[in-house]
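>>> sequence and predicted structure, then a few things I'm wondering about:
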Amino acid sequence: MKLARVRLTSVSGKLSLVALAIIASPFAAADDSGWYAGANAGQSRATIDDVRITSGLLNSGFTSTSITDDDRSTGYKIYGGYQFNRNFALEGGYFDLGKFGFNPTTVPAGTLSGSIKLRGLNLDLVGSLPITQRLSAFGRLGVNYAEARDSFTGTGAVNVLDPNPSKRDTNLKVGLGLQYELTQSLAMRAELERYRINDAVGNKGDIDLVSVGLVYRFGTKTPTPAPRALAPEPVAVAPAPQPVLVTPPPPPPAPPAPPVPTKVTFSADSLFDFDKSSIKPAGQQSLNKFATELRGTDFDVITVTGHTDRIGSHAYNLKLSTRRAEAVSTYLVESAGIASEKIAAKGVDGSDPVTKPGDCKGTKATKALIACLQPDRRVEIEVSGTR
């Protein structure tokens, strides 16, 4: 007796289209290339085709009185890949989707037990879409080469002709997820994947895997603070064979100069795209130059203040100016080695403009008004310390 055991819902067109849209996203790529590896674990789920099982038993002269299904299992995967840039990667790995089964009771008296184990290899193209400095969404589209191992046993009047069929086949695989960077080397993933599977008895369906895991990137460099010059060790000098001369004590050292605040202003248009808070590559170069010039300064605190123009609502501008200030602060800490406890960020919307009243007329966000208010969109970095 051959019975189809698993019918899993067909591949979702919406899931495939969303994954493809993320992979084809035209966002600019950053220099984030390199190898990585990771592992995920979570719950896998299938839909057992009870109607088809009942029909198969009926065609063989049996009536099903009850069916119990085991449609959930634990799945995992291990994988590695190469990140070509911030937006694209190629990823391959091994997966085990677990074991599923069913147990109908029949008349004439008997039982039929069926189960399937699914595991295999996959190769995916992964496209990422940055949301914030650390959080990004990603979609995947690829193929899986899966082995399905079925097992059927019967009791009483039920006799199974082929107890252990198996099948290996190549099918489609899609997925969506979120990734959050804990450090430059370590990130956490949460994702939903759908594997197209051949179940070894003539049916094709899908297994869904919801999982979380960790990803480790190889070859990343951890920012280190600028080295400080070490004072030379004292050298003992043997006294000359002559009378000891008493010299007056040296004058006391001059008191240190009081902290001198230094303010540097960056045009927001040089750091960010209009109405955005992600730092552009050109803006990163400007911040790197500022951090280099800051080395050797014994500063007490750095204050980063974000300003917007007067276009838009107060609440929106306050959030945008705060996000920009926090983006600059985070970059200086992670990429320039500035201690996080010595830096603070805040936003003040458009309440402190550089332009004077009457310089820029109008309230509608026209190109002319946006260009006129360009000086108001800025990020100010104030350093309090001494040379």
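Cool, got the structure. Residues are numbered from 1 along each chain as shown.

>>> hey, let's count contacts and neighbours off CA atoms from now on
OK.

>>> mind naming the longest helix for this protein?
If you go by DSSP state H, the chain has its longest helix at helix 314-336.

>>> direction included, what does the helix or strand that comes right after it pair against?
Per DSSP states H and E, the first helix or strand lying C-terminal to helix 314-336 is strand 343-347. The sheet places strand 343-347 alongside strand 298-307 (parallel), with pairing taken from DSSP bridges.

>>> quick one, what contacts the spatially closest residue to Trp35 that is not a sequence neighbour?
Using CA to CA, 6 or more residues apart in numbering and skipping the chain neighbours, the partner closest in space to Trp35 is Tyr82 (4.5 Å). When contacts are counted by CA atoms under 8 Å, 6 or more residues apart in numbering, Tyr82 touches Ser33, Gly34, Trp35, Tyr36, Ala89, Leu90, Glu91.

>>> now the angle from the longest helix of the chain to strand 343-347?
Calculated by axes from the mean of the first three to the mean of the last three CA atoms, to 10 degrees, helix 314-336 forms an angle of 160 degrees with strand 343-347.

>>> who's in contact with helix 314-336?
Counting by CA under 8 Å, 6+ apart, 133, 223-225, 275-279, 287-288, 291, 304-310, 338-340, 343-350, 379 sit against helix 314-336.

>>> output the below-cut-off pLDDT ranges for the stretch 251-387 of the chain.
Along the stretch 251-387 of the chain, segments meeting pLDDT under 70 span 255-261, 386-387.

>>> could you give the bridge partners of the residue nearest to Trp35?
Beta-bridge partners, per DSSP bridges, of Tyr82: Trp35, Leu90.

>>> about what we covered before: and the contacts of Tyr82, which two are furthest apart?
Pairwise distances across the contacts of Tyr82 (CA to CA) peak at 13.2 Å, for the pair Ser33 and Glu91.

>>> just the strands in the protein please.
34-45, 63-70, 72-83, 88-107, 110-130, 135-156, 166-181, 186-198, 204-217, 260-267, 298-307, 343-347, 378-386 (DSSP state E).

>>> my read is that Asn103 contacts Leu112, right?
Yes - the pair Asn103 / Leu112 is scored as a contact, 5.7 Å apart, by CA atoms under 8 Å.

>>> between the two, which is the more surrounded one?
Neighbour totals were compared for Asn103 and Leu112, and Leu112 leads with 23 against 20 (other CA atoms under 10 Å).

>>> for the more buried one, which non-adjacent residue is closest in space?
Nearest non-adjacent residue to Leu112 (CA to CA, 6+ apart): Gly154, at 4.5 Å.
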